[in-house]
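Participant: sequence and predicted structure, then a few things I'm wondering about:
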Amino acid sequence: MERYEPHDIEAKWQRVWEEAGAFHVENPGYGARAERTFYMLEMLPYPSGVLHMGHVLNYTLGDVVTHFRRRNGYLVLRPMGYDSFGLPAENAAIREGGHPREIAEANIAAIRRQMRRLGWAIDWSREVAAHDPDYYRWTQWLFLKFLEEGLAYRKEAPVNWCPNDQTVLANEQVVDGRCNRCGAEVEAKNLEQWFFRITAYADALLNEYALVEYWPERSIAIQRNWIGRSEGVDVLFRIAELDVDVPVFTTRPDTLFGATFFVLAPEHELVERLAERSEHGDELREYVRRTAAQRGAERADVTREKTGVFTGHAATNPVNGEQIPIWVSDYVLMEYGTGAIMAVPAHDERDYEFAEQFGLPVRPVVAPADGAPPPEGAFVEHSDGERLLNSGDFSGMPAPEGAQAIVERLREQGRAAPAVRFRLRDWGFSRQRYWGCPIPVVYCDECGIVPVPEDELPVLLPDVDDYRPKGKPPLASNEEWVRVPCPRCGREARRETETMDTFVDSAWYFLRYCDPRNDSAPFDREIVDYWLPVDQYVGGVDHLTGHLMYARFFTKVLNDLGMVGFREPFARLFHQGWVQFDGAKMSKSRGNVIGPDDLVEQYGADAVRLYILFMGPADQDMEWTETGIEGIVRFLNRFWRVVLDAADGEPGVVAGPLARKAQETIAKATDDIGRRFVFNTPIAAIMELTNELSRRPDDPARRFAAETAVSLIQPYAPHLAEELWQRLGGERLWEQPWPEVDEALLARRTFELVVQVNGKLRDRLEVPVDLGEEELIARAKASPRVQAHLDGKEIRRAIVVPRKLVNLVVG
RNA sequence: GCCGAAGUGGCGGAACUGGCAGACGCGCCGGACUCAAAAUCCGGUGCCCGCGAGGGCGUGUGGGUUCGAGUCCCACCUUCGGCACCA
């Protein structure tokens, strides 16, 4: 018998698939025929280097689903692309010389080669890359739509500034006050920035989960928490000194009578005005300066002692006319609510801590239920039976009713209004970097911000001499490019020199895949409506608050613009676990990256594919070890021999124990992949079938069992499966129907009855399936092994679980 | 601090709706083949007692529900992940 030679086989079949266009799909109107479509999407790779085992897990998993769905009669769209703008290529260019484009494209070429070598069933005709002008032309086009709709705007805002990368970071790129790419401490800086008004869609992002088919609960919970919707009221406090009413947001109007001081964020516009009229003016200004400098890391540290300065002024509490002191402290955030709070130390831990620090009064206004004494510190629990106290007319009322009544009275006076606040902030997407999509606007002294006309897109990214930002964007150094006539008035104007966050590129790539060569629009609505929503999206859980939110936001906007016919882009979501090495997530910066190349070289692609999925459940983190891959190689060799040995069996014989085992395997694999979305256990099931087949070399159904095993292993080891299928006389296994369970063959005449005495296993009996309860009990009692445990004792009860077990309860 | 996930042999893991704990694989032990080794094949492998038949114990800990709990409930311990002054 010929030996199993993975390299020869894999090269052969990859050529065959390529020539047959096996995984190419056409859009409707161009030859599409299936009624059932399935859009299988995995998050596109960031080409900062070559693929590692984490990618291999991600894409192999998607590949199994692709083959499985194809063979179950779906027309499967399974495209691939590259998130090729962004810092790694730019930083590499700075570090090692060369152009970021050359670096990105070299990486793409390497990744493409790896992907082809692993035999993934990708429709290569739909490949896109974010840095390709044919792609970013439409990124720019979409930006202009958002600008037109007032969903893209500029504002000055404090930003996270990474002094090392010389760039602005999004909140999710700051981890513990440090840059998530280079680890440098993040500083505060005020800059004019571009923002997408994602907060206008906060409620839609929150409410429309109902439209998704299946997202893990935990993923929805993380996004909910990120959006952070809270309902409350805005209450006006008067500052007589300045003759202004200052709104504060509170979710606890029942505690208004407990407000003993008032706090402004250091960035609040009133602080300077108060300072002007205060004997503490210098102290206040000094405090504002200091806190501004220590935004980011230090300010985010919750455990540090609270700081603040008294302004010397007072605000009037509208519920009781009380004058309460106004303080300035950085524990109040300008970015949330109104940047001012009423402080109720008796019922808020942060306010309590501040009051302790500065010796401010604490006045309880909510009594715990059943007269229990108030706890140490702030009383923040919510439980039934709480009543108001020290609250004027409202004292004695149950807290919820009290809150309502207080709000009602303030509303009548025009001093309160219901309000909803979100933790979610607008998405700052401009970057002072070179290697990104240029923002297609021009600044004109006369006309202001002028969009570049659509027919002049794309605004091509020009070459520059130096990619280092040095405080201003690299593009600003190319004066020839920057100077441009204003599209509106023709006078000399200047181009925008900032580029877009790469999350913009990836907020719509899944739409472009559907219609990747369209040169008159980003995509055709009919075509995207045909394929989307994505039936199965697979990617890391780390993208929940970034990419996934942005992609959902884009989709909703495009829906409102009539460009797509759906509100949610991803119907089903799955997060693969991390493949770790040395106890940490693989990443280039950690230097713990294990790639597939050596393994593929040594053992072949099929072995690597099978191994990464056999290591454990795909949604759990796994520690990379190679100790088991030999076992998989052993299995594949054995599989090869056992199947070819069985080739001489009679085709079409589908009865007997081996045939039933094959049926059970079909049922298991189909359910696991199709319904449960688990990928390790089908491999175990196929191993069992293979073991059974080798143990029964003379079984009449051996040929059927072999064919079934080959067919079932095809999504995992498509090259091996195709070769064996051919040797068994078949062709084009990749388009053969997935095996179906024959229920009649699965049916059994007998089953193994488990007999327990007092819940403990005592015997197993092979009995006919059609016995009644009485008969089952009788058989159980008759067993000698059972008798030994009955010991003449009275049987008080007998539990019968049909087709499973009998449990005899003795006294 | 808050939210979430998870704890099963020497190891990765299986056991889906409460019903045979440890499938499958790694590793290890023994045997066959071989001058020998590799490869391959066969058998064994949770722990304890027993020559054996067999018995007892066993899914992080302690309780509970149930004829029956890895699975359900309560309390706790540990590990990992996310958020973190959001009023």
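Facilitator: Sure, I can see it.

Participant: so which residue of chain A comes closest to RNA strand B?
Facilitator: A:Gly631 (2.4 Å; Cβ to the nearest atom of the strand). In short, each C-beta sits where N, CA and C put it, glycine included.

Participant: residue closest to the middle of chain A?
Facilitator: Geometric centre of chain A, nearest residue: A:Leu544, 3.1 Å, by Cα atoms, centre = their mean.

Participant: tell me, how many residues neighbour the nearest residue to that one once chain neighbours are set aside?
Facilitator: Among residues not flanking A:Leu544 along the chain, A:Ile222 sits closest, at 5.0 Å (Cβ to Cβ, 6 or more residues apart in numbering). By other Cβ atoms under 10 Å, 15 other residues sit near A:Ile222.

Participant: and the closest residue to A:Phe146 other than its chain neighbours, what pLDDT?
Facilitator: Closest residue to A:Phe146 apart from its sequence neighbours, by Cβ to Cβ, 6+ apart: A:Ala152 at 4.2 Å. Confidence at A:Ala152, expressed as pLDDT, is 96.

Participant: for A:Ala152, give the beta-bridge partners.
Facilitator: When assigned by DSSP bridges, A:Ala152 has beta-bridge partners A:Phe196.

Participant: hang on, it packs against A:Gln140?
Facilitator: No: when contacts are counted by Cβ atoms under 8 Å, A:Ala152 is not listed as touching A:Gln140 (11.3 Å).

Participant: so what strands line up beside the helix or strand hosting A:Leu765?
Facilitator: Taking DSSP states H and E as the criterion, A:Leu765 maps to strand A:760-768. Paired neighbours of strand A:760-768 in the sheet (DSSP bridges): strand A:750-757 (antiparallel).

Participant: for the partner strand, buried residues please.
Facilitator: By 16 or more other Cβ atoms under 10 Å, the buried positions in strand A:750-757 come out as A:Leu753, A:Val754, A:Val755, A:Gln756, A:Val757.

Participant: quick check: the farthest pair among those?
Facilitator: Within these, two members stand farthest from each other by Cβ to Cβ: A:Leu753 and A:Val757, at 13.5 Å.

Participant: okay, domains of chain A per the record?
Facilitator: Chain A breaks down by automatic domain parsing into domains covering A:142-197+A:427-501, A:230-421, A:628-745, A:749-810.

Participant: take those domains and lay them out in TSV including distance to A:Trp17.
Facilitator: TSV is the format used below for the domains of chain A (distance: least, Cβ to Cβ, whole Å):
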stretch	distance to A:Trp17
domain A:142-197+A:427-501	34
domain A:230-421	51
domain A:628-745	7
domain A:749-810	44
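
Participant: can you give me the strands for the stretch 451-600 of chain A?
Facilitator: A:483-485, A:492-495, A:499-500, A:536-538, A:573-574, A:579-581, A:584-585 (DSSP state E, counting those that start in this stretch).

Participant: low-confidence ranges in the stretch 251-400 of chain A?
Facilitator: Within the stretch 251-400 of chain A, the set of residues satisfying pLDDT under 70 comprises A:293-303, A:370-376, A:381-384.

Participant: and the helices in it?
Facilitator: Under the criterion DSSP state H, counting those that start in this stretch, the stretch 251-400 of chain A contains helices at A:270-276, A:281-293, A:297-300, A:349-358, A:399-412.

Participant: how about the one helix or strand A:Trp17 maps to as CSV, C-alpha atoms only?
Facilitator: Per DSSP H and E: A:Trp17 is located in helix A:6-20. What follows is helix A:6-20, C-alpha atoms only, in CSV (Å, rounded to 0.1, in the frame of the first residue of the first chain):
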residue,chain,number,x,y,z
PRO,A,6,0.5,14.8,2.9
HIS,A,7,2.7,17.2,0.9
ASP,A,8,2.0,15.6,-2.4
ILE,A,9,-1.7,15.2,-1.7
GLU,A,10,-2.1,18.7,-0.5
ALA,A,11,-0.4,20.3,-3.4
LYS,A,12,-2.4,18.2,-5.8
TRP,A,13,-5.8,19.1,-4.4
GLN,A,14,-5.1,22.7,-3.9
ARG,A,15,-4.3,22.9,-7.6
VAL,A,16,-7.6,21.0,-8.4
TRP,A,17,-9.7,23.3,-6.3
GLU,A,18,-8.1,26.4,-7.8
GLU,A,19,-8.6,25.1,-11.4
ALA,A,20,-12.2,24.1,-10.6
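
Participant: can you list the residues of the stretch 651-800 of chain A near RNA strand B?
Facilitator: Within the stretch 651-800 of chain A, the positions near RNA strand B by Cβ under 7 Å from any atom of the strand are A:668, A:671, A:676, A:678, A:680-681, A:683-684, A:687-688, A:691, A:694-695, A:752, A:754, A:756, A:758-762, A:764, A:785, A:788-789, A:797, A:799.

Participant: if you set the cut-off to 6 Å instead, what comes out?
Facilitator: Residues of the stretch 651-800 of chain A lying close to RNA strand B by Cβ under 6 Å from any atom of the strand are A:668, A:671, A:676, A:680-681, A:684, A:687-688, A:691, A:694, A:752, A:754, A:756, A:758-759, A:761, A:764, A:797, A:799.

Participant: since that was my last question, I'll sign off now.
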